[in-house]
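>>> Sharing a model that was predicted from the sequence below.
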Amino acid sequence: MSFPGVKALEDVDFTLKKGEIRALMGENGAGKSTLIKCLTGVNKFQAGEIYLDGIEGPIVNKDTMDAQHKGISTVYQEVNLCPNLSVAENLFIGREPMTKIGTVNRKEMNRRAAELMSNLELDVDVTKNLEEYSLALQQMIAIARAVDMDSKVLILDEPTSSLDDHEVEKLFNMMRNLKSQGVGIIFVTHFLEQVYAVCDGITVLRNGMLVGEYEIEDLPRVKLVAAMMGKDFDDLSAIKKEGDDQVSDELFIEAKGCSHAGTIKPFDLDIHKGEVIGLTGLLGSGRSELARVIYGADKNQTGTLKVDGKEAHINQPLDAMKLGMGLLPDDRKAEGIIGDLSVRENIILALQAKAGPLNKIPYKKQCEIADQFIELLQIKTASRETLIKQLSGGNQQKVILARWLATNPDFLVLDEPTRGIDIGTKTEIQKLVVKLAEEGKSIIFISSEIEEMLRTCNRMAVLRDGQKVGEISGNEMTQEGIMKAIAGGGSDE
């Protein structure tokens, strides 16, 4: 499956057996969503064939409804049901039982809905509105609806991301129940613990290609991490930072027991002045979420946060900016650039927000600031007045970096600052990070590339499944050490 300029899937084989729960794993951009869309008729794939038990010859699904008629159902992370309708109405929407005179037979619909809930061991009053139930139960009702449509294949796309541990266990019981009835389940998740708790097999994709299909007992956690990240232990060599790792004894950030419900469990983190601390873990492990809590993009709900020795109450990002903090988000298109503004306007945005609406930065001063950073960061643009959306991804990233550097911050969160940009620009940004630290600035650096982290960071915090599980520094900071920490134990686990 190709999109303009991108091969999203290349020669991928995928096998799912009857009554099997198979994890579909891979980092961001591995091709998981594209594969699901090919299976369910959202994407018109360009090569290959799909076979389904009970149907002669290869199948082609025209759309999701066509896939559903053939027995392939998908339940997405966001529950796409109608909260203002009853549970029964949601279960039978579009296929309601009718009376002889052509009206909806509510009595029959409620009876069948109650029977379905009972079969799946769900304690639900089907006459109540869906919105009266927790997100977990709504998720299970969405699954029940899919199952009742005679699904042979059930695709669960990140179904546990907003559930607590108790709710996850309920969902797993339901999955095991369906498995015993012969339903094949594709389970897309980024939680390693959950894969080993409920799955029979794992299929790993990377960069649109199949890495391998494994039985669960043949793929210990540390090997799974290696397969997803594209590293093998025989080619893991440490990249030592040149010079010493001396940082100030003075702390800039002291987080004690900070958290945000549903995204990151309570964590402690100290960051010294002049220190680059890396946050490492698989996609969805809580790296960005931890940084967002410190910065105040997600409000801290527990514990205390001290900034430069004083307790800080950050209610919004503007409060963080006034404390000398800056955040370069990982999704530059959605949360970074303002596409219809010029390079100049994007660069002075944070500085202007900090100054307030009544203290407009004079145009001449704006031009000076923009020109300074266009030169400093070698931003390739026709002029400072060019719309930022006309720049390449790497240059857009430099503009957002310039936005924060213009505020002369004491603390910067750089979330995937080099993702999707060329190798030359990557090196420039890495050098800049080290230089900023030498000037005494404190930096959180998040990257999916271990080599990059080793080049730039003094110390690393390891995250797994929404929790900070440890820190590594000194001799432990090798590729092997990091990957073992991410996997949660030695290669035997």
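Sure, I can see it. Numbering: from 1, shown residues only.
>>> quick one: low-confidence parts of this protein?
Along the chain, segments meeting pLDDT under 70 span 4-6, 28-29, 77-78, 161-164, 231-246, 420-425, 489-493.
>>> Excluding chain neighbours, what is closest to the residue nearest the centre of it?
Central residue of the chain (Cα atoms, centre = their mean): Gly284, 4.3 Å from the mean position. Nearest residue to Gly284, sequence neighbours excluded (Cβ to Cβ, 6 or more residues apart in numbering): His190, at 3.3 Å. C-beta: built from backbone N, CA, C; applies to glycine.
>>> can you map out the helices along the stretch 351-493 of the chain?
Remark: helices assigned in the stretch 351-493 of the chain by DSSP state H, counting those that start in this stretch are 363-376, 393-405, 423-438, 450-456, 479-487.
>>> how about JSON lines for those, with mean neighbour count added?
Converted to JSON lines, the helices of the stretch 351-493 of the chain look like this (neighbours: other Cβ atoms under 10 Å):
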{"stretch": "helix 363-376", "mean neighbour count": "15"}
{"stretch": "helix 393-405", "mean neighbour count": "23"}
{"stretch": "helix 423-438", "mean neighbour count": "16"}
{"stretch": "helix 450-456", "mean neighbour count": "20"}
{"stretch": "helix 479-487", "mean neighbour count": "22"}
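>>> would you turn those into TSV with distance to Ala312?
Output for the helices of the stretch 351-493 of the chain, formatted as TSV (distance: least, Cβ to Cβ, whole Å):
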stretch	distance to Ala312
helix 363-376	27
helix 393-405	18
helix 423-438	21
helix 450-456	26
helix 479-487	29
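>>> of all the ones you listed, which lies closest to Ala144?
Nearest of the helices of the stretch 351-493 of the chain to Ala144, taken as Cβ to Cβ: helix 479-487 at 34.3 Å.
>>> And the closest one, what does it pack against?
If contacts are counted by 3 or more Cβ pairs under 8 Å, 6 or more residues apart in numbering; DSSP states H and E, helix 479-487 sits against helix 221-229, strand 276-280, helix 450-456, strand 459-464, strand 467-473.
>>> Report the inter-axis angle for that helix versus strand 459-464.
40 degrees (axes from the mean of the first three to the mean of the last three Cα atoms, to 10 degrees).
>>> Show me how the protein divides into domains.
Domain ranges of the chain: 2-219, 251-487, per automatic domain parsing.
>>> what's the most buried one of those?
Neighbour counts (mean count of other Cβ atoms under 10 Å) averaged over each of the domains of the chain peak at domain 251-487, with a mean of 19.
>>> May I have the secondary structure class of Gly182?
coil (DSSP: H, G, I helix; E, B strand; the rest coil).
>>> And it, how far from Tyr295?
48 Å (Cβ to Cβ, to the nearest Å).
>>> before we move on, what about Met325?
Going from Met325 to Tyr295 by Cβ to Cβ gives 6 Å.
>>> Now do the shared contacts for those two.
Val413 (Cβ atoms under 8 Å, 6 or more residues apart in numbering).
>>> does the residue nearest to the centre of the chain really touch Val188, like I thought?
No. Using Cβ atoms under 8 Å, Gly284 makes no contact with Val188, being 10.8 Å away.
>>> that older thread, now do the SS call for the residue nearest to the centre of the chain.
Gly284 - assigned by three-state DSSP - is coil.
>>> Helices of the stretch 51-200 of the chain, residue ranges please.
Counting by DSSP H, counting those that start in this stretch, one finds helices in the stretch 51-200 of the chain at the ranges 64-70, 87-91, 106-119, 135-148, 165-180, 192-198.
>>> can I get those in CSV with distance to Asn207?
Formatted as CSV, the helices of the stretch 51-200 of the chain follow (distance: least, Cβ to Cβ, whole Å):
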stretch, distance to Asn207
helix 64-70, 26
helix 87-91, 38
helix 106-119, 41
helix 135-148, 30
helix 165-180, 29
helix 192-198, 20
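>>> Nearest to Gly394, out of those?
Closest to Gly394 of the helices of the stretch 51-200 of the chain is helix 192-198 (Cβ to Cβ; 31.7 Å).
>>> How about exporting the closest one as CSV, limited to the C-alpha atoms?
The C-alpha coordinates for helix 192-198 follow below in CSV (Å, rounded to 0.1, in the frame of the first residue of the first chain):
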residue,chain,number,x,y,z
LEU,A,192,3.9,-4.9,26.7
GLU,A,193,2.5,-6.3,30.0
GLN,A,194,-0.9,-6.7,28.4
VAL,A,195,0.5,-8.5,25.3
TYR,A,196,2.1,-11.2,27.5
ALA,A,197,-1.1,-11.4,29.7
VAL,A,198,-3.6,-12.2,27.0
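>>> contacting residues for Ile264?
286, 289-290, 293, 298, 466-467.
>>> just those now: which is nearest Gly474?
Ranked by distance to Gly474 (Cβ to Cβ), the contacts of Ile264 are led by Leu290 at 21.9 Å.
>>> Which residue, other than its chain neighbours, is closest to the closest one?
Per Cβ to Cβ, 6+ apart, closest to Leu290 is Ile264, 5.2 Å.
>>> Tell me the spacing between the one you found and Lys299.
12 Å.
>>> any common contacting residues for these two?
Residues touching both Ile264 and Lys299 (Cβ under 8 Å, 6+ apart): Val293.
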